[in-house]
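# Just a sequence and a predicted model for now, questions to come.
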Amino acid sequence: MSMDTLLRVAQHSGGVLYVIATLLFVSLTVVIERVWFLQRVARDAQAALAELDQHKALNASALAAWAQRHDGLPTGSVIATAGRLAGRADRDTLAASLEEAVMREAPRIDRFLWVLDTAVTLAPLLGLFGTIVGMFDAFQVLSNPGNAPVQVTGGVAEALIATASGLFVAMIGLVFFNGLHSRVRLVVHQLDTLKTALVNRLTSDIPDVHVAREAEAETPHGVIGSPARQGA
């Protein structure tokens, strides 16, 4: 199909093919950016977990220096939060703070995925709309007495290109959306694993405040005074 034919089909679709082409370009841009970012975050989280397995004891200074090596990524934010609270918070407080740090990084992890979700839904509808507009132009040929019905079938065939283009963009978007969504779940799981590992290592030698208080409350106090002796 020549370029002149493509331009004519795009014009007969009411400009919808131009919109579909723009949607494809935006979707591919989002895919490239998200694949690069999520791959980088996944490698960084995996390296942090492997490095954490080699540390038997952690302190605030070591965690601060460790967070600098992962600066700018969700892993660095979680480690920096653990460094600020190391030795100064009980297990529940540390776990809640690290959970908050992971939740704050969640929007960065699944950012722009809504664009692919929108493309999967919108592209077929745009293709169908372009086909309907193109068929209007094709059937208008019959209003002229000198035109043959073959020209109508040719116009309908060109109008169906819009539907095929919309379905093509939707299929590409769906494949990459599912793949990126799976990658997002993997990254979040890695951050949750890192959070749990940091909590276990930083609070292994710190007694739980709530458990200590409950044990203290259950301990019987000394009996004041002596029991009254029974009658002589």
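Everything's here; your move.

# Who are the contact partners of Leu63?
Leu63 is in contact with 79-80, 82-83, 86, counting by C-beta atoms under 8 Å, 6 or more residues apart in numbering. Yep, even glycine has a C-beta here, placed from its N, CA and C like the rest.

# go on, Ile20?
123, 126-127, 130, 162, 165-166, 169.

# same thing with Pro74?
Contacts of Pro74 by C-beta under 8 Å, 6+ apart are 41, 45, 102, 105, 108-109, 187, 191.

# cutoff 10 Å now
When contacts are counted by C-beta atoms under 10 Å, 6 or more residues apart in numbering, Pro74 touches 41, 44-45, 101-102, 104-106, 108-109, 187-188, 190-191, 194.

# By neighbours, which of those residues wins?
Leu191 (26 neighbours; other C-beta atoms under 10 Å).

# What mean pLDDT does the strand or helix carrying it get?
Using DSSP states H and E, Leu191 maps to helix 149-202. Regarding helix 149-202, the rounded mean pLDDT is 87.

# Off-centre distance for that helix?
12 Å (C-alpha atoms, centre = their mean, to the nearest Å).

# Give me the residue at the spatial middle of the chain.
Asp110 (2.2 Å; C-alpha atoms, centre = their mean).

# what about the helices in this structure?
3-12, 16-53, 60-69, 74-85, 91-109, 113-139, 149-202, 209-218 (DSSP state H).

# Can I get stretch 103-116 in PDB, CA atoms only?
C-alpha atoms of stretch 103-116 as PDB (Å, rounded to 0.1, in the frame of the first residue of the first chain):
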ATOM      1  CA  MET A 103       3.100   2.800  49.900                       C
ATOM      2  CA  ARG A 104       4.500   6.200  49.100                       C
ATOM      3  CA  GLU A 105       6.700   4.600  46.400                       C
ATOM      4  CA  ALA A 106       3.700   2.700  44.900                       C
ATOM      5  CA  PRO A 107       2.600   5.600  42.600                       C
ATOM      6  CA  ARG A 108       6.100   5.800  41.100                       C
ATOM      7  CA  ILE A 109       6.000   2.000  40.300                       C
ATOM      8  CA  ASP A 110       2.700   1.800  38.400                       C
ATOM      9  CA  ARG A 111       2.900   5.300  36.900                       C
ATOM     10  CA  PHE A 112       1.600   5.700  33.400                       C
ATOM     11  CA  LEU A 113       0.000   2.300  33.200                       C
ATOM     12  CA  TRP A 114      -3.400   3.900  32.900                       C
ATOM     13  CA  VAL A 115      -2.200   5.100  29.500                       C
ATOM     14  CA  LEU A 116      -1.900   1.600  28.300                       C
END
